[in-house]
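# Sequence first, predicted coordinates after that:
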Amino acid sequence: MNVRTNFDLNLKQLKEQLLQMADTARDALKESIKALKTQDIEKANEIIANDNTIDRLEDEINSKALALIAKESPVATDLRKIIVAIKVSSEIERIGDMAVNIAKSTLHIGDEKHIKNIVDIPKMADMAMDMLSSSLTAFYSEDVTLAKECADQDDEVDKMYGELIQELMGYIPNHPSAINQITQLAFVSRYIERVADHATNISEHVIFLVTGKKYDLNA
């Protein structure tokens, strides 16, 4: 096996590890929303306990990426691919953190009766997860057009976030005893909005990967 073939193989394995990490984070996010909706304390605790799996995957990816830089002395384009892989793994790790934060909010709410049906929050989470899927597909296929489409979806998530916060704040005057739950649901909404931001960041990294230029999709 020549040097180029070996490098490409290692890079492919790095991408596959990243996708595995992303699947783990996405599953954690999906389960955290489910736990919130059903007030499943056991599931919420499980999500928090499993967070080290995502952290371990990030460490493995970073170690592999740094080893590639040290051993292969990659040229500019190849170096960008490795650097972007490290950046993407960091974004995914933070998405995993958001899933843990949502699980913690579920614990804070406990078995207190929900003041509203948990419908809009899962919808916003689905939008954020769709963005994550699109940005990761763009990363794997190095598709700049798909990466740029994330900006439009991010605007939709931001709009829904604003509407949810406004609605939740409107409950406070008539439900003063539910201030803890209202606050936690506002936090959850913010965590999901952050997931969409991290997906947008991944898309920006994709554009840098392909073009070598920084690009602000929120501009």
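In hand now; what should we look at? These numbers were taken from a predicted model, which means no experiment stands behind them.
# For residue 194, what is the enclosing helix or strand?
Residue 194 is part of helix 179-211, with elements assigned from DSSP states H and E.
# Show me what that helix packs onto, helices and strands only.
In terms of contacts (3 or more Cβ pairs under 8 Å, 6 or more residues apart in numbering; DSSP states H and E), helix 179-211 is packed against helix 76-109, helix 120-141, helix 144-171. Yep, even glycine has a C-beta here, placed from its N, CA and C like the rest.
# With residue 194 as the reference, name the closest of those.
Of all those, helix 76-109 sits nearest to residue 194, with 5.6 Å by Cβ to Cβ.
# Can you pull out the low-pLDDT segments for the protein?
1-4, 219 (pLDDT under 70).
# hey, which helix is longest across it?
Counting by DSSP state H, the longest helix found in the chain is helix 3-38.
# And that one, what does it pack against?
Applying 3+ Cβ pairs under 8 Å, 6+ apart, we find helix 3-38 packed against helix 41-49, helix 51-72, helix 76-109, helix 120-141.
# In TSV, list the ones you listed along with distance to residue 212 and mean neighbour count.
Putting the helices and strands packed on helix 3-38 into TSV (distance: least, Cβ to Cβ, whole Å; neighbours: other Cβ atoms under 10 Å) gives the following:
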stretch	distance to residue 212	mean neighbour count
helix 41-49	38	16
helix 51-72	17	16
helix 76-109	7	20
helix 120-141	16	20
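# As a markdown table, the ones you listed with distance to residue 151 would be great.
A markdown table is the format used below for the helices and strands packed on helix 3-38 (distance: least, Cβ to Cβ, whole Å):
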| stretch | distance to residue 151 |
| --- | --- |
| helix 41-49 | 29 |
| helix 51-72 | 26 |
| helix 76-109 | 16 |
| helix 120-141 | 10 |
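# Appreciated, that's everything.
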